[in-house]
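> Mind looking at a prediction? Sequence and model below.
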Amino acid sequence: MRTVLVIGLALLTILSLFTGVAAAESRAGETIIVEQGETVDGLSATGNTIIIRGTVEGDLRAYGGNIRIEDTGEVTGIVRVYGGSVYIDGTVGGNSLAYAGSVTLGKTGSVSRSFGAFAGAVTIAGTVGGDAHVFAGRITLAQTAIIQDSLIYEGTLVNNEGTVNQAIQQTRDLALAPPLGPLSSIFTAVMFVANLFLGAILLYTGPKFADTAFETAVTEPLQTAGVGLIGCFIISVLIVLFVVTIVGIPLGIGLLLLGLILAWGAAVYGRYILGEWLLSFAGVENRYLALLTGASVVVLLRLVPYLGGAVRAGVFLFGAGVIMLAARRLYDLVTQTRGGLASIQ
């Protein structure tokens, strides 16, 4: 049980590190306006309507139904906006990335570096100093549009004689994360070491919990994997529900970060369970060797199509299951104990 408490405290500590992202200035409300002549040092805004008429020195991160950077508005850094409709008629000194129902870069709008949009409809009538990466149902390139480099897109393109170096229809270039290419093996090696490192910490701090996790997975495999699957589904639904409410977007992002951390722990515990199960056939009992064995088998099976993916999915579900069961046990102890967490030894 101490292991569960250690994991919980570690998660709270890690999540607290992300508060520095919004350290510059954070605003929330029905309508948020940076007035003309006003200057803010970076801004994170959440609201129904967000309007930038003044200057944001640094980055802008906005979550809202209607987001506008008007012709007098300027953002000197990077713009990341998530909303129903986005209009950029002002100046962006860095990159601009928008996820919305509709995105418009107006005639007076300019993005000094790259422009990215993921939306139902995108209109480019202003100037882009670098590449434009657009994924949309309909993409309109106005006659006044100037894209200094390439337009890389997926969707129906309507080009009204805008100026662009070249237009490339290529979905894979629009991936949210850049392809690793030859770096994939390095990434795999780094994650292999990271999994071993985290696993060693968890095994050292909670050997009894690790033993219980293995016994639970072996004696009740269907229940454990089923709980893991249900837990993943519930967390995913909660994240979506928070995000679509606009105001709940920060909570959704926080839950997503927590989910990612728990997913990493689930993957590590799943590898340990697999290794312990394999070593049991040889009569070997060594937790750290089990962790190394399970992690190695998962990496090697990546080379086998379909089987590798199926094993990774199964390993993850078992790990998620034991974490969810442990969280439920901790909840029961807290609610049934008069002294709460302070009474748990």
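Perfect, thanks for sending it.
> State the three-state secondary structure for the residue of the chain positioned farthest from its centre.
Seen from the C-alpha centroid of the chain, the residue lying at the greatest distance (CA atoms, centre = their mean) is residue 283, 41.0 Å away. The three-state label given to residue 283 by DSSP: H, G, I helix; E, B strand; the rest coil is coil.
> same check, this time on residue 199
Secondary structure for residue 199, judged by three-state DSSP, is helix.
> Next: residue 333.
Quick answer, by three-state DSSP: residue 333 is helix.
> and it, how many neighbours?
Residue neighbour count, defined by other CB atoms under 10 Å, stands at 16 for residue 333. C-beta coordinates here come from the backbone N, C-alpha and C atoms, glycine included.
> if I look at it, how far off is residue 326?
Separation of residue 333 from residue 326 (CB to CB, to the nearest Å): 11 Å.
> Next: residue 169.
48 Å.
> Looking at those two, which has the bigger crowd around it?
Neighbours around residue 169 and residue 326, counted as other CB under 10 Å, are more numerous at residue 326. The numbers are 21 against 13.
> Please name every helix or strand in contact with the helix or strand harbouring that one.
Here residue 326 sits within helix 307-336, counting by DSSP states H and E. Helix 307-336 sits against helix 2-16, helix 207-219, helix 221-244, helix 249-280, helix 287-301, with contacts defined as 3 or more CB pairs under 8 Å, 6 or more residues apart in numbering; DSSP states H and E.
> Can I get the shortest one in PDB, CA atoms only?
Looking back up the chat, that one is helix 207-219. The C-alpha coordinates for helix 207-219 follow below in PDB (Å, rounded to 0.1, in the frame of the first residue of the first chain):
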ATOM      1  CA  PRO A 207       8.300  -5.100  -4.000                       C
ATOM      2  CA  LYS A 208       5.200  -6.500  -2.300                       C
ATOM      3  CA  PHE A 209       3.000  -4.500  -4.600                       C
ATOM      4  CA  ALA A 210       4.800  -5.900  -7.600                       C
ATOM      5  CA  ASP A 211       4.300  -9.400  -6.300                       C
ATOM      6  CA  THR A 212       0.600  -8.800  -5.700                       C
ATOM      7  CA  ALA A 213       0.300  -7.300  -9.200                       C
ATOM      8  CA  PHE A 214       1.800 -10.500 -10.700                       C
ATOM      9  CA  GLU A 215      -0.400 -12.800  -8.600                       C
ATOM     10  CA  THR A 216      -3.500 -10.800  -9.500                       C
ATOM     11  CA  ALA A 217      -2.700 -10.900 -13.300                       C
ATOM     12  CA  VAL A 218      -2.000 -14.600 -13.200                       C
ATOM     13  CA  THR A 219      -4.900 -15.800 -11.100                       C
END
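> Count the residues that sit near residue 128.
By the criterion of other CB under 10 Å, residue 128 has 24 neighbours.
> Tell me the bridge partners for it.
Beta bridges link residue 128 to residue 111, residue 147, judged by DSSP bridges.
> ok, it - contacts?
105, 110-111, 114-115, 145-149 (CB atoms under 8 Å, 6 or more residues apart in numbering).
> Residue 290 now?
Contacts of residue 290 (CB under 8 Å, 6+ apart): 272, 275-276, 278-279.
> and which of those residues is nearest residue 295?
Distance ranking of the contacts of residue 290 against residue 295, using CB to CB, places residue 275 first at 7.2 Å.
> pretty sure the closest one contacts residue 294?
Yes: counting by CB atoms under 8 Å, residue 275 touches residue 294, with 3.0 Å between them.
> Name the residues contacting each of these two.
With CB under 8 Å, 6+ apart, residue 275 and residue 294 have no common neighbours.
> Look at residue 33 and give its secondary structure.
Using three-state DSSP, the structure places residue 33 in strand.
> Repeat that for residue 135.
strand.
> how many neighbours does it have?
With other CB under 10 Å as criterion, residue 135 counts 20.
> Could you chop this protein up by domain?
24-174, 181-343 (automatic domain parsing).
> Determine which stretch of these is the most buried.
Burial of the domains of the chain is given as mean neighbour count (mean count of other CB atoms under 10 Å); domain 24-174 ranks first at a mean of 19.
> Could you give the average pLDDT over that one?
The pLDDT scores in domain 24-174 average 90.
> which stretches of the stretch 201-345 of the chain have low pLDDT?
Within the stretch 201-345 of the chain, the segments meeting pLDDT under 70 span 243-249, 334, 336-345.
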